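*Asks:* how would this look folded up:
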Amino acid sequence: MSPAATDDDSTSAEKRRPLPSRWDLLAALLALGIVVFLAEASRGITQPLANLASSKLSLDPANLPGYAARTTLRMLAAMALSLLFTVTYATWAAKSRRAATVLLPLLDILQSVPILGFLSVTVVFFMSLAPGRVLGAECAAVFAIFTSQAWNMAFSFYQSLRTVPVELTEASRCFRLAPWMHFWRVEVPFAMPALVWNMMMSMSGGWFFVVAAEAISVGNTTITLPGIGSYIALSIGQRDLAAIGWAIGAMLIVILVYDQLLFRPLVAWADRFRFEQQAADVVPHSWVLTVLRQSGLVARLSASMAAVWRRSYRVGPRPGASTRRPVPDGEARWPDRIWGATVVILAALVLWLVTRFVLQGLTGSEVARALGLGTATMARVLVLIALASLIWVPVGVWVGMRPRMARIVQPIAQFLAAFPANLFFPVAVSAIVAFGLNPDVWLSPLMILGTQWYILFNVIAGASALPSELRDIGTNLHVGGWLWWRRIALPGVFPFYVTGAITASGGSWNASIVAEVATWGDRRLEAHGLGAYIARATEAGDYHRIVLGIGVMSLFVVVINRALWRPLYWRAERKFRLG
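*Replies:* From the prediction side, this is the model:
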């Protein structure tokens, strides 16, 4: 062999040698940072619960980085649980007509039950899972945050699965995709852009209720976990405006960090699943996604995982003609009748058990009082949702159709949506007392502060998903003014708006427990409503009134959803779907 040949072989071997690139180093640095963060934030989770009492919470700003890490870890854990819940629960409701008759009303009720209603029932259960350990209290806090995140994501995913364009479904049938492959290659990609926007909203919704999740007080049980939420609760109790300012700054920094590391990469990645036939004018970018795509190490790891995932497409029934014999109409109705009768019997049994429990300690006049307070809260919710819709639907359409503006608005809206209503208590209480205002009227806006953003985020997602072809048709035909809104914009975002309005409505009922009772130091203001009623019962540990309040709230939500939101959902599915 000649020396020249040897040199060529060595040179080609060096070229083939998998040397780490700068992208590999950046990706490894990101992964290492995440591991260090998880390790530091999870420190002390398994320690004895008595250590929480000995190490009291401090308003020293130097402690805020550690508190912020603990809060962020809880919210990320709740987000992971919410994703799992969304993919299973919403898919089951969308795929099974019989299951939907139970799952959808149940989802309506769950999203409206106040977070303190969940805490009052579940805190004892979670504490019993790890007796005497902080882990039980952490599980209770994560579950409470989960209840403020999951329902919005589930509604969004359900709406997307029910409005998959006909062209995509027909293409799946032509390619004879199995149901499992159809779900992951057609339905999930179509739902992904809207789901990512609702994940951002859900993350912010977790911030909105983080005070109640970390400063748990149910009857004689009081647990304060280290975190930004408990820091805010302590600063409000001590009327420390400087500490509130530090908490706001810490929240802003944390939101910006996970916006850069989590949500901007997801938005840029999900843009590839937009339903249109031509490329978008402005493609969203993320430096984190660029690092992951350019890294050879990440590519090799993801390739192996993708190969395993592709093998799962072979699982399940093979596509093809069905071998079932046609079922006569009479026989087909019997399973539905049996299922309907079973649901009615179970609902009647649950209603009887709840009624018996409530009436053991309460009178009929107390039930009538709760119904009256529920009517007052319902009036606030409907008025506030109507006002929020008039404001945020046009804004959401305008922002969603301008990708550059959406990138600017995204972190600002996340921060505003994450702003806990408790932080407005100093201003609200001081203004109401100073000017002699009516708490029944002026505490009401606190109910919509966190939930109005559900409408904005969903409308932005809907406007972003409008195909470029549809916009170009309107431009070529010179469609403008109110005709453009009536024929293009509003029909295009209508399914997304309905999802946002439903979750905003349920979230407003949920927020009433925080908004109808405002405290600032030793000052306390209450509005007449069901939220204040449940808050008082929770503080007193009165489980009869807690169950009564939650039951009345659930009744109002189900009636409103059946009379208003469900018909709108049905119309959105059939008349305003793409394709």
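
*Asks:* nearest residue to Tyr258 other than its sequence neighbours?
*Replies:* Leaving aside its chain neighbours, Tyr258 sits nearest to Thr72 (6.9 Å; criterion: Cβ to Cβ, 6 or more residues apart in numbering). Every C-beta, even on glycine, is put in place using the N, C-alpha and C of the backbone.

*Asks:* what sits up against the helix or strand that that neighbour is a member of?
*Replies:* Using DSSP states H and E, Thr72 sits in helix 64-85. Outside helix 64-85, the residues that touch it by Cβ atoms under 8 Å, 6 or more residues apart in numbering are 37-38, 40-42, 138, 141-143, 145-146, 149-150, 153-154, 199, 202-203, 206-207, 210, 213-214, 225-231, 246-247, 250-251, 253-254, 258.

*Asks:* cool, and stretch 30-50?
*Replies:* With contacts defined as Cβ under 8 Å, 6+ apart, stretch 30-50 is touched by 51, 66, 69-70, 72-73, 132-138, 223, 261, 288, 291.

*Asks:* from Val102, how far out is Gly551?
*Replies:* 18 Å (Cβ to Cβ, to the nearest Å).

*Asks:* more neighbours: which of those two?
*Replies:* The residue with more neighbours, out of Gly551 and Val102, is Gly551; 20 against 16, by other Cβ atoms under 10 Å.

*Asks:* in the helix or strand where the more buried one lies, which residues are buried?
*Replies:* Using DSSP H and E, Gly551 falls within helix 543-560. Neighbour counts over helix 543-560 (16 or more other Cβ atoms under 10 Å) mark 543, 545-554, 556-558, 560 as buried.

*Asks:* tell me which stretches of this structure form strands.
*Replies:* For the chain, the strands defined by DSSP state E cover 215-218, 221-224, 517-520, 523-526.

*Asks:* so for the helix holding Thr72, mean pLDDT?
*Replies:* The pLDDT scores in helix 64-85 average 93.

*Asks:* same question, stretch 388-403
*Replies:* 90.

*Asks:* quick check: which ranges of the stretch 451-579 of the chain have low pLDDT?
*Replies:* Along the stretch 451-579 of the chain, segments meeting pLDDT under 70 span 521, 577-579.

*Asks:* helices of that one, start to end?
*Replies:* Under the criterion DSSP state H, counting those that start in this stretch, helices of the stretch 451-579 of the chain are mapped to 452-465, 468-476, 481-484, 490-515, 530-540, 543-560, 566-575.

*Asks:* which elements pack onto the fifth one?
*Replies:* Of the remaining helices and strands, those touching helix 530-540 by 3 or more Cβ pairs under 8 Å, 6 or more residues apart in numbering; DSSP states H and E are helix 115-129, strand 215-218, helix 364-400, helix 490-515, strand 517-520, helix 543-560.

*Asks:* what are the buried residues along it?
*Replies:* Quick answer for helix 530-540 (16+ other Cβ under 10 Å): 530-535, 537-538.

*Asks:* cool, and the third one?
*Replies:* The neighbour-count criterion (16+ other Cβ under 10 Å) identifies Trp484 as the buried residues of helix 481-484.

*Asks:* now do it: distance to the chain's middle.
*Replies:* 33 Å (Cα atoms, centre = their mean, to the nearest Å).

*Asks:* likewise for the first one?
*Replies:* Helix 452-465 has its average C-alpha position 13 Å from the chain's average C-alpha position, going by Cα atoms, centre = their mean.

*Asks:* so that helix versus helix 364-400, what angle?
*Replies:* 30 degrees (axes from the mean of the first three to the mean of the last three Cα atoms, to 10 degrees).

*Asks:* please apply the same query to the fourth one.
*Replies:* Computed by the same axes, to 10 degrees, the angle separating helix 490-515 from helix 364-400 equals 140 degrees.

*Asks:* pLDDT weak spots in the stretch 151-300 of the chain?
*Replies:* Where the stretch 151-300 of the chain drops to pLDDT under 70, the residues are 217-221, 276-282.
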